[in-house]
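*Asks:* next one to model:
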Amino acid sequence: MTTGSVMALGIMVGVMIAAFFLTRKSRKEECEYDEMQLKIRAKGYQIGFFTALALLLMLVFLYEMNLLTVMTPGFAAYAVLIICVTVFTIYCILHDAFLSISGNAKSYLGILSLVVLVEGFVTVRDAVNGKLLENGQLTFGGGAPALMFVCFLAILITLIVKTIRNGKEAEE
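*Replies:* Numbering: from 1, shown residues only. Below you'll find the model as predicted:
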């Protein structure tokens, strides 16, 4: 098994564990969105979908023209998926449709902070050990933690700014 395969397996297991705990928690709290939030989330899905289409078309063009030299095609496809999820999440945060009606931003801030710290540590470790690139290309093994760090950091910063802004608006 290659390092990339082990990393992919680890990410899949982590996602399944996180999904288990999040769905278990949501059964208890009845995660509900109002009509406006549902409309905003639908628009976010649409924006994420069209982002995926645009990035995949660009990816196909770059690959077919032999211009995709800085990353492997597998990592590029993974990057498209993660970027689309990030676009959707940031859109929902900015339009107050990320948290449910009874949602608590503090728990999400904690989870996002933990992910950013772990992925940041792995990215720095890989960069110091020279494992970020293989043969001059970003691969899944070296690029996934770096991409996750950047995307989750963007989501974390957006959520922090939006939480502070909402707090100030509530005070006024």
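
*Asks:* max-length helix in the chain?
*Replies:* Longest among the helix segments of the chain by residue count, using DSSP state H, is helix 140-171.

*Asks:* off-centre distance for that one?
*Replies:* Here helix 140-171 shows a centroid-to-chain-centroid distance of 9 Å under the convention CA atoms, centre = their mean, to the nearest Å.

*Asks:* over to stretch 103-123?
*Replies:* 11 Å.

*Asks:* C-alpha coordinates for that stretch, PDB please?
*Replies:* Once non-C-alpha atoms are left out, stretch 103-123 reads as follows in PDB (Å, rounded to 0.1, in the frame of the first residue of the first chain):
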ATOM      1  CA  GLY A 103     -27.300  25.300  15.900                       C
ATOM      2  CA  ASN A 104     -24.300  26.300  18.100                       C
ATOM      3  CA  ALA A 105     -21.300  27.900  16.300                       C
ATOM      4  CA  LYS A 106     -19.000  27.000  19.200                       C
ATOM      5  CA  SER A 107     -19.000  23.300  18.500                       C
ATOM      6  CA  TYR A 108     -18.300  23.900  14.900                       C
ATOM      7  CA  LEU A 109     -15.500  26.300  15.700                       C
ATOM      8  CA  GLY A 110     -13.900  23.700  17.900                       C
ATOM      9  CA  ILE A 111     -14.100  20.900  15.300                       C
ATOM     10  CA  LEU A 112     -12.900  23.200  12.500                       C
ATOM     11  CA  SER A 113     -10.000  24.400  14.700                       C
ATOM     12  CA  LEU A 114      -9.000  20.900  15.500                       C
ATOM     13  CA  VAL A 115      -9.000  19.900  11.800                       C
ATOM     14  CA  VAL A 116      -7.000  23.000  10.800                       C
ATOM     15  CA  LEU A 117      -4.400  22.300  13.500                       C
ATOM     16  CA  VAL A 118      -4.000  18.700  12.500                       C
ATOM     17  CA  GLU A 119      -3.900  19.300   8.800                       C
ATOM     18  CA  GLY A 120      -1.500  22.300   9.300                       C
ATOM     19  CA  PHE A 121       0.800  20.100  11.400                       C
ATOM     20  CA  VAL A 122       0.800  17.300   8.700                       C
ATOM     21  CA  THR A 123       1.400  19.900   5.900                       C
END
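
*Asks:* quick revisit: mean confidence for the longest helix of the chain?
*Replies:* Here the mean pLDDT over helix 140-171 is 91, rounded to a whole number.
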